[in-house]
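>>> Pasting a predicted model and its sequence here:
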Amino acid sequence: MTIHFDCTQCGKCCQNLRLTLSVDEAIGWAGRGHTVQLLTEALPWVSEPDTADARVLYDRDRSFPAMSGSVAFRIAAVPVAHHIGPCPNLQPDMRCSNYEQRPRICRIYPLESRPFIGLDPASRLCPPEAWAPAFPVLERNGKIADTETANIVAEHRRTAVDDVPVLTMACHALGVSTAAFANEGFAVHTFDPQKLAEALRAVRDANPNQNAPAPQPWTVATNRRSTLTMLAGAGCEAALVQRGADYLGSFPDEP
């Protein structure tokens with residue numbers, strides 16, 4: 001299948017979003033006073049995966065080991081730029097005032113930033129006219145047509161793995177120890193932008209590969225009582241929460 005695309009500068013992709021950032025991008029974004037959150041997810045990890053399963057290996061590589069009670073997990077921590085309404089860099093004419101320094105996630109949109117997931121135009125915010133057949137080819141048979149763009153996507157995915165040691169230390173330094181149960185949502189941790197920028201910069205510059213902190217106990221959060229019962233029965237430290245500013249749930253709350 002061939003997917004054609006060209007940006008119409010509608011500005012919809014610059015509204016009410018959480019943009020996945022690298023550590024360096026998060027330091028720059030928060031350092032300018034903009035909100036950066038840490039989203040955390042706990043992946044059950046009772047044994048090491050089959051090395052032939054590329055998806056599971058990617059989950060391992062983008063996360064760090066942790067314990068919740070007596071159960072082993074891996075924690076995926078993702079910095080995201082969060083803004084309600086228009087992006088602080090969006091100008092009235094729908095142009096970006098930070099265009100040359102914009103994050104990679106902005107550079108590759110509407111392509112899928114996650115591996116193993118195909119691009120679905122219907123899931124994007126771009127208007128129908130952005131996908132007109134007369135426009136340049138974006139993807140052909142699941143492969144990105146433009147080499148430079150493909151390289152940016154690869155770098156974005158590679159950085160998500162390379163940043164794991166820094167994010168491990170950052171969670172410890174910032175007191176982050178709660179994560180949502182995998183595939184049910186994300187726990188949301190919001191900090192003063194300057195505090196977060198300073199913490200990320202400090203752990204990044206402290207050679208995290210050689211100075212990893214001692215593992216800390218984690219709490220696994222869920223908004224589903226059935227999941228809470230299952231987690232507690234397995235020996236996890238678990239908490240029942242509700243969807244809101246601190247928890248992005250994929251399912252309705254179960255009281």
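Done, it's in.
>>> for the stretch 151-255 of the chain, what spans make up the strands?
Taking DSSP state E, counting those that start in this stretch, the strands of the stretch 151-255 of the chain run over residues 178-181, 185-190, 219-222, 238-240, 247-249.
>>> Let's have those strands in a markdown table, adding distance to residue 6.
To be clear about C-beta, it is placed using only N, CA and C from the backbone, and glycine gets the same treatment. Shown next, in a markdown table, are the strands of the stretch 151-255 of the chain (distance: least, CB to CB, whole Å):
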| stretch | distance to residue 6 |
| --- | --- |
| strand 178-181 | 37 |
| strand 185-190 | 32 |
| strand 219-222 | 41 |
| strand 238-240 | 46 |
| strand 247-249 | 31 |
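>>> Next, find the distance separating residue 26 from residue 77.
11 Å (CB to CB, to the nearest Å).
>>> To clarify, my last question referred to residue 150.
Where residue 77 is concerned, residue 150 sits at a distance of 26 Å (CB to CB).
>>> CA atoms only for the strand of greatest length in the chain - export them in CSV, please.
Ranked by residue count under DSSP state E, the longest strand found in the chain is strand 71-86. Taking Å, rounded to 0.1, in the frame of the first residue of the first chain, the C-alpha atoms of strand 71-86 are listed here in CSV:
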residue,chain,number,x,y,z
VAL,A,71,6.9,-9.7,41.8
ALA,A,72,9.4,-8.7,39.1
PHE,A,73,8.5,-5.9,36.7
ARG,A,74,10.2,-3.7,34.2
ILE,A,75,9.4,0.0,34.3
ALA,A,76,9.1,2.1,31.1
ALA,A,77,9.5,5.8,31.9
VAL,A,78,8.7,8.3,29.1
PRO,A,79,9.2,12.1,29.2
VAL,A,80,6.4,13.9,27.4
ALA,A,81,5.8,17.6,26.6
HIS,A,82,2.3,18.3,27.8
HIS,A,83,0.2,21.3,26.9
ILE,A,84,-3.5,22.0,27.1
GLY,A,85,-4.6,24.0,24.1
PRO,A,86,-2.1,25.2,21.5
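>>> now that strand against strand 185-190, angle please.
60 degrees (axes from the mean of the first three to the mean of the last three CA atoms, to 10 degrees).
>>> Partner strands of strand 71-86 and their direction?
Counting by DSSP bridges, the strands paired with strand 71-86 are strand 15-20 (antiparallel), strand 36-44 (antiparallel), strand 64-68 (antiparallel).
>>> Quick one: distance of whichever helix or strand comes after the second one to the chain centre.
Remark: after strand 36-44, the chain's next helix or strand is helix 54-61, criterion DSSP states H and E. Shown here is helix 54-61, whose average C-alpha point lies 15 Å from the average C-alpha point of the whole chain (CA atoms, centre = their mean, to the nearest Å).
>>> in helix 54-61, what's buried?
Within helix 54-61, the residues that count as buried by 16 or more other CB atoms under 10 Å are 58-60.
>>> Return the set of residues that bridge with the residue nearest the centre of the chain.
In the chain, the residue lying closest to the centroid (CA atoms, centre = their mean) is residue 78, at 4.0 Å. Note on residue 78: beta-bridge partners by DSSP bridges are residue 39.
>>> My guess is it contacts residue 19. True?
No - counting by CB atoms under 8 Å, residue 78 stays clear of residue 19, with 10.4 Å between them.
>>> Which positions in stretch 97-117 come out as buried?
Quick answer for stretch 97-117 (16+ other CB under 10 Å): 98, 103-106, 108-113.
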